[in-house]
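Engineer: Give me the fold of what follows.
(chains A and B)
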Amino acid sequence: MGDNPRERWFALAATVLVTVPLAACGGQDGGGPPTINFYNPPVENMQTVIDECNAAANGRYEIVYRVLPRGADDQRVQMVRRLAAQDESMDVLGLDVTWTQEFAGAEWIREWTGADAAEVRNGTLPGPLESATYEDKLYAAPNNTNVQLLWYRTDLVPNPPRTWDEMITQAQQLKADGRPHQVITMGAQYEGLVVLYNTLVASAGGNILSEDGRTAVLDDGAVRALDVLQRFATAGVTSPSFTNALEDPARLEFQGGNGAFQLNWPYVYPAMQEAAPDLARNVRWARYPGVDANTPSRVTIGGTNLAVSAYSRYPEESFEAARCLRNAEHQQYAAINDGVPPTIESVYDAPEMAEAYPMKDVILAELQDASVRPLSPAYQNISTVMSATLSPPGDIDPERTAEQLRKQIQDALESKGVLP
Amino acid sequence: MTKVLSEGKRQERRLGWLLCAPAAFVMVAVTAYPILYSVWLSLQRFDLKFPDEREFVGLENYVTVLSNGYWWTAFGVTMLITVVTVVIELVLGMGLALVMHRTLVGRGIVRTAALIPYGIVTVVAAFSWRYAWTPDTGYLANLLTPDGAPLTERAGSLAIIIVAEIWKTTPFMALLLMAGLALVPEELLRAASMDGATWWQRFTKVMLPVMKPAILVALLFRTLDAFRVFDNIYVLTAGANETSSVSMIAYNNLLRGLNLGIGSTMSVLIFLAVALIAFIFVKLFGTAAPGASDDGRR
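Structural biologist: Model (predicted):
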């Protein structure tokens, strides 16, 4: 560097300009406990749980809640972009159950091993656990889960149907009697339709993918599920907006009073009590209908899993933080305050749960043999082509539609799938 | 080219190159490199979800994309939007330019008002269009049908996207055309009217031919721009109901699908289409910057 004083000043200024902002990026390097950045969708009472975990950490780390956007697509795109760029500032990630395989396949999240994994496996329901597993290894800790139930009106339906055929017959009978008869559920071209179809496939004992997730099979059970879906859509028992209905419009439609049945998530129950108390008095819940009379339904689970980023600088602390965030005590707190069903079986026995979840026994029964959506890193693509092919459900031709699905899903698995 | 340059001239030329070099280098780094890299990516099976299965596949991705219905639907949508918006914008823009050119009072205010839509960030404008057309929140949703939701249907969505594009970029068209109008010599128009030409005759026989270079530039810019339409679609429909443009579908496959191979293939195809449009305009119609070409000034 020059002896010229002006040059020296310039060099000094340049050094300051370059290094100061960089130092600001470093964050925690100036001492204090490591910051564990927890990226999670917005949850109303999350901060309370985080505060408790921070207190329990006793200064070893500090969890900071980084709230992701509200929309699931936006959440995923933000995380994906940053992980693809190997962003070190993400530690614990709140993933939708359907993204876990994708993130594991891309090597963006760490495997859970040893004592951490043992603690997660201990007492966690099998369905949620399966959703957190990729190639027989555990990649996430199930944080919460969810299943749909059958809601029916006791003033119209004395005994809840156990199968789809029974439900269709009951609805047709009500229609013939000129009474409210509709079966209301989500049939728009989106993830909800895929969930409906996946439940039908699992309930019929079928498979969409092979065991290893590498081949599209769509066996006899999957074809039967297509047949049930097509018959349901054309039986004259759906609401006129069935092919356009998402969760909330479906709930509102049922509250409107034309429905005898509703297949939807548990959140409809408190909402109904608030918005339509007269109707709510007559509404009960039952297990989601099956395909065969003697085989109970296997309902598709939703929910979120906690994973640790592969680029986190504090993996050990991150695993510990994730374990704390989803332990039994905090799952119970989240269930009661945020309405998300727990993944740890013992939590359902807590006395406080009875008030928050009067339908907890049915939820638990469904969760014990729940089904998961196709486990593949390519799930996003599979889901997109499935919802497009299944829509509208009335146009399904079981054998031919199965063949189309088989081809398109196989393409997606081989990275040849084109998203619309 | 055998002309011998003097020593001074040569020095000057070398200095010129040296001074240009950093800029040229930056241009290569920020434009040529990404383009070549995406060509390279488009020749591979490269899916972030399956990092171990990355391999060279030649032109297979091009076959996949070009034989896919979604791609051609998106291509059709893009062409439709491009042609319809550019034609309407040309007509509206010309009208606006004539008004702005001839306004005697409040010229500044008229011009500023006309340019406001162009000054608003596209995404922001798109959001207000979306709210306007959404039942319950919007004042336009029930304009045509009492309980319609135009953004949930294909035809309605496409019409709204086209309207939003036209609203947004007509001022840009008008601005370029106004520059062209300034090229028309006043005495030419006066001479024409002395010869008894009607207003329409003066417009078609005098103004349009003189303005041709400006019109072609405006058309070229807008066509290229319209072909890359993204923001309005992203906000208004996110590509639902088969309203994806080619840029939208490339985004979906790259950033949502994480399929770098297929997504890059689409980007390369868009690049080729844009290059083809530019080629057609420049070579076939003889578009050039106003005043730069031989026939630019008559």
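Engineer: For residue B:218, which non-adjacent residue is closest in space?
Structural biologist: Excluding the flanking residues, the one nearest residue B:218 by Cβ to Cβ, 6 or more residues apart in numbering or on different chains is residue B:176, at 3.8 Å. Glycine gets a C-beta too; all of them are placed from N, C-alpha and C.
Engineer: List the residues that contact the one you found.
Structural biologist: Counting by Cβ atoms under 8 Å, 6 or more residues apart in numbering or on different chains, residue B:176 makes contact with B:93, B:214, B:217, B:218, B:221.
Engineer: Please apply the same query to residue A:180.
Structural biologist: For residue A:180, the contacting residues are A:153, A:156, A:174, A:257, A:258, A:259, A:260, by Cβ under 8 Å, 6+ apart.
Engineer: ok, back up a step: now the helix or strand that the residue nearest to residue B:218 is a member of, how far from the centre of its chain.
Structural biologist: Residue B:176 belongs to helix B:154-181 when assigned by DSSP states H and E. Relative to its chain's centre, helix B:154-181 lies at 10 Å (Cα atoms, centre = their mean, to the nearest Å).
Engineer: Contacts for the next helix or strand after it next, please.
Structural biologist: Counting by DSSP H and E, the element after helix B:154-181 in chain order, helix or strand, is helix B:186-194. Helix B:186-194 is contacted from outside by B:201, B:202, B:205, B:206, B:207, B:210, using Cβ under 8 Å, 6+ apart.
Engineer: tell me the SS of the closest residue to the third one other than its chain neighbours?
Structural biologist: For residue B:205, the nearest residue in space outside its immediate sequence neighbours is residue B:197; the separation is 6.8 Å by Cβ to Cβ, 6+ apart. In three-state terms, and counting by DSSP: H, G, I helix; E, B strand; the rest coil, residue B:197 is coil.
Engineer: picking up where we left off before, give me the local confidence score for the residue nearest to residue B:218.
Structural biologist: pLDDT, residue B:176: 91.
Engineer: same deal with the one 10 residues further on?
Structural biologist: Listed pLDDT for residue B:186 reads 90.
Engineer: what's the burial count for it?
Structural biologist: Neighbour count for residue B:186, taken as other Cβ atoms under 10 Å in any protein chain shown: 7.
Engineer: Strands of the stretch 51-200 of chain A, start to end?
Structural biologist: Here the stretch 51-200 of chain A has its strands, by DSSP state E, counting those that start in this stretch, at A:62-67, A:92-96, A:133-134, A:137-138, A:141-146, A:149-153, A:182-184.
Engineer: ok, the fourth one near chain B or not?
Structural biologist: No. Against chain B, strand A:137-138 shows no contacts by Cβ under 8 Å from any Cβ of the partner chain, the least distance being 14.9 Å.
Engineer: what are the pairing partners of that strand, and which direction each?
Structural biologist: Sheet pairing of strand A:137-138 (DSSP bridges) gives strand A:133-134 (antiparallel).
Engineer: what separates the strand it pairs with from the chain centre, distance-wise?
Structural biologist: With Cα atoms, centre = their mean, you get 15 Å for strand A:133-134.
Engineer: So which residues make contact with it?
Structural biologist: Here strand A:133-134 makes contact (Cβ under 8 Å, 6+ apart) with A:100, A:101, A:104, A:105, A:139, A:375, A:377.
Engineer: for stretch B:131-139, same thing?
Structural biologist: Against stretch B:131-139 from outside (Cβ under 8 Å, 6+ apart): B:140, B:141, B:142, B:147, B:148, B:149, B:150, B:151, B:160, B:236.
Engineer: Let me know the secondary structure of the third one.
Structural biologist: Same thing as residue B:142. Here residue B:142 is coil, with the state taken from three-state DSSP.
Engineer: got the residue ranges for the strands in chain B?
Structural biologist: Secondary structure of chain B (DSSP state E): strands at B:44-45, B:55-56.
Engineer: To chain A, which of these lies closest?
Structural biologist: Among the strands of chain B, strand B:44-45 comes nearest to chain A, with 5.3 Å by Cβ to the nearest Cβ.
Engineer: which stretches of chain A have low pLDDT?
Structural biologist: A:1-30 (pLDDT under 70).
Engineer: no no, the stretch 1-150 of chain B
Structural biologist: Ranges of the stretch 1-150 of chain B meeting pLDDT under 70: B:1-4, B:145-148.
Engineer: rerun at 90
Structural biologist: Counting by pLDDT under 90, the stretch 1-150 of chain B contains low-confidence ranges at B:1-9, B:24, B:27-29, B:49-53, B:69, B:99-115, B:118, B:130-150.
Engineer: Would you mind listing what in it touches chain A?
Structural biologist: Applying Cβ under 8 Å from any Cβ, one finds that the stretch 1-150 of chain B approaches chain A through B:45-51, B:53, B:64-65, B:68, B:70-71, B:73-74.
Engineer: picking up where we left off before, please pick the buried ones from the contacts of residue B:176.
Structural biologist: The neighbour count (16 or more other Cβ atoms under 10 Å in any protein chain shown) marks B:93, B:214, B:217, B:218, B:221 as buried among the contacts of residue B:176.
Engineer: residue contacts, the first one?
Structural biologist: With contacts taken as Cβ under 8 Å, 6+ apart, residue B:93 has the following neighbours: B:170, B:171, B:172, B:173, B:174, B:176, B:177, B:218.
Engineer: coming back round to it: pick the most deeply packed of the strands of chain B.
Structural biologist: The highest mean neighbour count among the strands of chain B, using mean count of other Cβ atoms under 10 Å in any protein chain shown, belongs to strand B:44-45: a mean of 20.
Engineer: Go through whatever helix or strand residue A:407 lives in and flag the buried ones.
Structural biologist: Take DSSP H and E as the rule and residue A:407 turns out to sit in helix A:398-413. Buried residues in helix A:398-413, counted by 16+ other Cβ under 10 Å: A:398, A:401, A:402, A:405, A:406, A:408, A:409, A:410, A:411, A:412, A:413.
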